[in-house]
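> Here is a sequence together with a model predicted from it:
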Amino acid sequence: MTSESRRGSLGAAPLEAFVAERHRAAFTALAAQQLPRPLKTLRLLILGALLLLVAFLSYTPWVQNAAGDGRVTTLNPAERSQTLTSFASGRLARWHVRDGSYVSQGDPIVDIVDIDPQLVERLTAEQRAVQAAFKAAQEATRTARLNLERQRRLLEQGLTSQVAFERAQILVNELSAKESEAEASLNQARVAVTRQTTQQVVAPRDGTILGIRAGDMGTLVRAGDVIAEFVPKVSNPAIELYISGLDASLVTPGRKARVMFEGWPAVQFGGWPEVAVGTFGAVVSTVDPVVSPNGRFRVLLVPDPGDAPWPSNAYLRFGAQARGWILLDTVSVGYELWRRLNGFPPENSVGAAPRA
């Protein structure tokens, strides 16, 4: 029997096994080689780490957020920075404050006197004269009404004419008009005296004098001139946050947020707000429907009543810088990485409750 016929009778598979066994017998050193135990352990560790990574990416929750920078402000326009103006023209007489002074509501800031030192006396004399004229007009009107009533009774008894009654009625109307004119003149005189006698600018509410613009004593000012910058005490703070247009459509009033203030030590984890340290809770109040001049959308945040209160005014100054994270929907870490690598917007599942 030839070798070809023997190979055909043995088959292809047994022949290959026979050749491999002869090769192992020929190369004894190769057959003795085994994978070292450390490498086996490392292989198991790598495999376990890959499995843990897959489980972490698939099942670990991640809270999507819309981050932005802003500053501390207030929703009450009366608590924003404002200017104090002079109510009447005159000369500065006395300053009661200086730059940085803290004032309470009603505290005097500056006294202003008129250029004419005799103006107040003359206005007071005019007021007395107008007041006397008003009292005379009142008395005349009262007498005319008594006469009208008398003429009405005489007319009913047939003891006077209709013409006399009508004349009495016309006289009452004329005297009533004069009385009204005298009353208006008296009110004007009182306003003029009040403006000159109470030319004192007072603090509209509690706050701090930021800067005095007018000069020293003897400086002339006109009505409406700015004399000082005033920053009220903020009792209802808010945050003016600016976010990108990619996230603006997903932010709605009522969304929860976390904020961090400038100068206040904090550590924020965007995807896990529950482990953040030093941050404070907030709620979205309003979202501007149009873009701001800086190309971003403005969002107003107010303190969350169910969270810790914000820092006091000693630390939370008006205009201080702040950073915020508006909490959106909850997804897996793997999905969040995939979304960011592809540049996709966050989830927008309507009705999903954001994790606080």
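Ah, there it is.
> continuing past the helix or strand Ala184 falls within, what's the next helix or strand?
Following DSSP states H and E, one finds Ala184 within helix 162-197. Using DSSP H and E, the next helix or strand after helix 162-197 towards the C-terminus is strand 200-202.
> Rounded mean pLDDT for the next helix or strand after that following strand, please.
Moving toward the C-terminus from strand 200-202, the next helix or strand (DSSP H and E) is strand 207-212. For strand 207-212, mean pLDDT is 87.
> mean confidence score for the helix holding Ala184?
Helix 162-197 carries an average pLDDT of 76.
> Which neighbouring elements make contact with it?
Counting contacts by 3 or more Cβ pairs under 8 Å, 6 or more residues apart in numbering; DSSP states H and E, helix 162-197 is packed against helix 119-157. The C-beta positions use only the backbone N, C-alpha and C, and glycine is treated the same way.
> tilt between the helix holding Ala184 and helix 119-157?
Relative orientation of helix 162-197 versus helix 119-157 (axes from the mean of the first three to the mean of the last three Cα atoms, to 10 degrees): 160 degrees.
> what mean pLDDT would you report for the longest strand along the chain?
Longest strand in the chain, counting residues (DSSP state E): strand 61-74. The average pLDDT within strand 61-74 is 88.
> now the helix holding Ala184: how far from the chain's centre is it?
Relative to the mean C-alpha coordinate of its chain, helix 162-197 is positioned 51 Å out (Cα atoms, centre = their mean, to the nearest Å).
> Repeat that for stretch 105-113.
The chain centroid and the centroid of stretch 105-113 are separated by 30 Å under Cα atoms, centre = their mean.
> Residue numbering should commence at 722 henceforth.
Right, with 722 as the first residue, what we last looked at is stretch 826-834.
> Show the end-to-end separation of stretch 933-944, please.
In stretch 933-944, first residue to last residue: 16 Å (Cα to Cα, to the nearest Å).
> what does stretch 807-816 give?
End-to-end for stretch 807-816, by Cα to Cα: 13 Å.
> Tell me the buried residues in it?
Ser807, Ala809, Ser810, Gly811, Leu813, Trp816 (16 or more other Cβ atoms under 10 Å).
> got it, and stretch 1021-1037?
Applying a neighbour-count criterion of 16+ other Cβ under 10 Å, one finds Leu1021, Leu1022, Val1023, Pro1024, Asp1025, Trp1031, Pro1032, Leu1037 buried in stretch 1021-1037.
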